[in-house]
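Asks: predicted model and sequence below, questions to follow.
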Amino acid sequence: MGSFCSGTLSSKSSSLSSLLLCNKSLSVDEETSSRSSSATQSTSKNKSIQRLESLENLGSPPPGHKSETSSRVQSPAIEKRSILSGGAATKDFKSYSAFSSPRKISAKSGSSANMSTRTPNRIGKPPNILVLCDDSKKRGEISEILKSMLANDRYAIYDIHWDQLAVGGWADQTALLVLSGKVPNHTEHIPILLQFLGDGGRLFAWGCESPPFGPADSNSLEVENRSSTTGKNKFVLIYGSSQTHPISVMKTLWLPGKEYNLPLGFSRILETNDSEGYSRPLTASVYAKVKESNGIAIIIYDGGALGGRAVLSRVCFEDNNEESSLALLSILLSQSLGIDCTRIKTPEYTCGYLLGDHLKIKEFLAGIPSVIQQSDLTIEFIPRGTKGTKPSHERFPVLLECPEKFSMLDYFNNLTTKELGRLVIYTDVITSTMHAFQGHSLKHGIVVVANRQTCGKGRGKNIWLSPEGCACFTVQVNVPLDSQLGRRLPLIQHVAAMAVVLTIPNHKEICLRMKWPNDIYIETDKVGGVLVETRLQGKTATVLIGIGINVSNDHPTLCL
């Protein structure tokens with residue numbers, strides 16, 4: 001090697017990234033480099049191709065495999081699963097790993113006493129928040145408010161529609177379902193929402209107009225309209241020992257009653273059942289009233305330790321910028337619904353560092369322009385000793401220097417490939433490592449490694465949550481279409497996912513496995529995955545392999 005600098009800190013991303021790249025089930029660079037010798041190739045197949053051919057049965061589901069498509073919501077949040085945001089895990093999924101199958105957790109049937117203590121079927125720490133609202137404007141406003149209040153890198157917010165709700169497959173990965181507006185087709189959709197609560201789900205009825213999550217004609221109270229232009233009314237709300245400044249509420253509230261101070265005709269017990277038929281009743285209580293009229297603005301449904309929870313609110317949080325209104329919303333989300341609202345400072349974008357053998361770096365820079373305009377990112381290679389532009393979500397200056405938080409010594413000591421990963425661009429914070437490749441090709445084998453991503457890219461329009469502690473990188477692999485691997489391009493995602501599993505020395509002990517087709521699980525919890533994008537250029541396929549694996553991050557799910 002030429003000029004390496006070891007850095008001062010050993011990074012988990014550096015050693016794990018190099019291990020993943022040099023795993024023998026991902027030795028695709030050997031084939032590409034060997035094509036320069038036709039005589040050698042004509043006499044014997046490359047060892048990596050033999051390994052790939054032995055995995056050829058991964059190219060299609062095993063016999064009897066039941067497709068999950070019919071049992072999942074056909075939406076970016078579920079059908080096109082994100083790598084770190086939970087993905088869709090149906091109850092009847094199968095694992096196609098040669099190592100170990102997950103331990104099944106089953107509830108034994110028994111007496112009614114046993115039924116009352118059964119644990120609801122919730123998987124891991126689901127990070128998805130779904131917003132269900134037919135009004136696109138209001139749906140966007142709700143999503144923006146939630147993004148501004150929720151903890152960084154912990155939740156992925158998606159839209160969901162009523163037809164998707166009925167398909168199913170979304171509940172186990174949903175930390176919160178936000179419901180707004182009218183509920184169409186009560187007989188079909190209300191039972192689905194009640195079962196979600198019965199299974200321990202969390203629901204926020206944000207101005208819902210349909211019972212049991214909104215006022216009925218028999219128990220509604222129409223408040224005085226103080227604004228003819230907006231149709232909204234501002235009142236002081238009392239909750240506990242606190243009260244708000246005047247904030248906007250809906251035109252109709254709940255009419256206060258006598259029993260338990262609940263609305264007239266409002267049932268104190270909301271009957272729900274979980275997905276296996278066990279009863280999960282929720283108890284209602286009044287949380288907030290309008291000071292002037294005692295009109296009820298917020299009701300809480302509590303199912304206890306094993307049941308679900310629901311907040312029924314008539315407050316127009318999207319129309320309020322008052323500090324007291326946002327404080328009330330934060331309390332409802334965190335204390336009543338268990339959503340983390342801890343905000344930390346958004347990380348600043350950082351420069352990249354081009355690392356590798358001196359001659360390889362020189363050859364690489366000679367073959368590309370100094371500024372590369374990709375689809376979502378402008379890459380600028382800065383000459384040594386020159387100050388580049390400030391990094392941003394649109395601009396990515398790359399320096400010819402050594403970073404402090406990436407150990408090149410660890411990285412290259414673990415790397416045994418010929419071409420894959422021999423050139424590295426490392427950065428502390430970037431929008432997405434995929435953005436560095438989308439547009440113009442860089443070079444076969446080059447890898448972009450990030451300590452943290454702010455807009456991680458998943459399949460389709462999915463969000464890839466990648467906080468600090470998650471090893472995430474993208475590598476470019478150029479594959480000739482007339483090669484063994486080139487004729488089996490769909491195999492790459494399976495090989496890459498299997499490489500992640502095989503890289504971890506004790507994968508059997510922790511039940512680390514590949515779930516079809518390219519997700520990484522520890523038993524029932526998703527801890528990583530693979531995203532593959534391919535574009536054809538003449539007789540070559542440029543394959544971008546994005547890999548993310550939870551190493552030491554305590555959210556959004558489990559980690560190694």
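Replies: Happy to help now that I have it.
Asks: where does residue 150 land on pLDDT?
Replies: As predicted, residue 150 sits at a pLDDT of 89.
Asks: neighbours around it, how many?
Replies: Per other C-beta atoms under 10 Å, the neighbour tally for residue 150 reads 22. Where C-beta positions appear, they are placed from N, C-alpha and C, glycine not excepted.
Asks: please name the nearest non-neighbouring residue to it.
Replies: residue 341 (6.0 Å; C-beta to C-beta, 6 or more residues apart in numbering).
Asks: next: residue 348.
Replies: The shortest distance from residue 348 to any non-neighbouring residue, by C-beta to C-beta, 6+ apart, is to residue 429 (6.6 Å).
Asks: look at that neighbour and give its secondary structure.
Replies: Under DSSP: H, G, I helix; E, B strand; the rest coil, residue 429 falls in the strand class.
Asks: and it, what does it touch?
Replies: Residues in contact with residue 429 (C-beta atoms under 8 Å, 6 or more residues apart in numbering) are 347, 348, 349, 350, 391, 450, 451, 452, 453, 454.
Asks: most neighbours, which of these?
Replies: Result: residue 450 is most packed of the contacts of residue 429 (other C-beta under 10 Å), 28 neighbours.
Asks: you'd agree it is up against residue 473?
Replies: Yes. With contact defined as C-beta atoms under 8 Å, residue 450 counts as touching residue 473 (6.9 Å).
Asks: so residue 510 versus residue 332, what's the distance?
Replies: 37 Å (C-beta to C-beta, to the nearest Å).
Asks: cool, residue 285 as well?
Replies: 13 Å.
Asks: higher neighbour count, those two?
Replies: Ranked by neighbour count (other C-beta under 10 Å), residue 285 and residue 332 place residue 332 first, with 23 against 13.
Asks: quick one: classify residue 502 as helix, strand or coil.
Replies: helix.
Asks: what stretches of the chain score poorly on pLDDT?
Replies: For the chain, the stretches flagged by pLDDT under 70 are 1-126, 217-232, 259-260, 320-321.
Asks: just the helices in it please.
Replies: Using DSSP state H, the helices assigned to the chain run over residues 12-22, 28-34, 38-43, 47-54, 112-115, 136-149, 162-167, 186-198, 323-331, 358-366, 408-414, 491-503.
Asks: how much space separates residue 390 from residue 336?
Replies: The separation that residue 390 has from residue 336, given C-beta to C-beta, amounts to 42 Å.
Asks: which one's more surrounded, those two?
Replies: The neighbour comparison of residue 390 against residue 336 (other C-beta under 10 Å) goes to residue 336, with 18 against 10.
Asks: separation between that one and residue 285?
Replies: According to C-beta to C-beta, residue 336 stands 11 Å off from residue 285.
Asks: what does residue 490 give?
Replies: For residue 490 relative to residue 285 (C-beta to C-beta), the value is 54 Å.
Asks: circling back: quick check, nearest of the contacts of residue 429 to residue 533?
Replies: Comparing these against residue 533 with C-beta to C-beta picks out residue 453 as the nearest, at 15.8 Å.
Asks: just give the number of residues close to the nearest residue to that closest one once chain neighbours are set aside.
Replies: Ranked by C-beta to C-beta, 6+ apart and with sequence neighbours excluded, the top spatial neighbour of residue 453 is residue 466, at 4.2 Å. Number of residues near residue 466 (other C-beta under 10 Å) recorded here: 30.
Asks: what of residue 510?
Replies: Counted with other C-beta under 10 Å, the neighbours of residue 510 add up to 14.
Asks: leaving out chain neighbours, which residue sits closest to it?
Replies: Leaving aside its chain neighbours, residue 510 sits nearest to residue 522 (5.8 Å; criterion: C-beta to C-beta, 6+ apart).
Asks: okay, and the beta partners of the residue nearest to residue 295 when sequence neighbours are not counted?
Replies: Excluding its sequence neighbours, the residue lying closest to residue 295 (C-beta to C-beta, 6+ apart) is residue 253, at 3.7 Å. With DSSP bridges as the criterion, residue 253 is bridged to residue 221.
Asks: kind regards, and thank you for your time.
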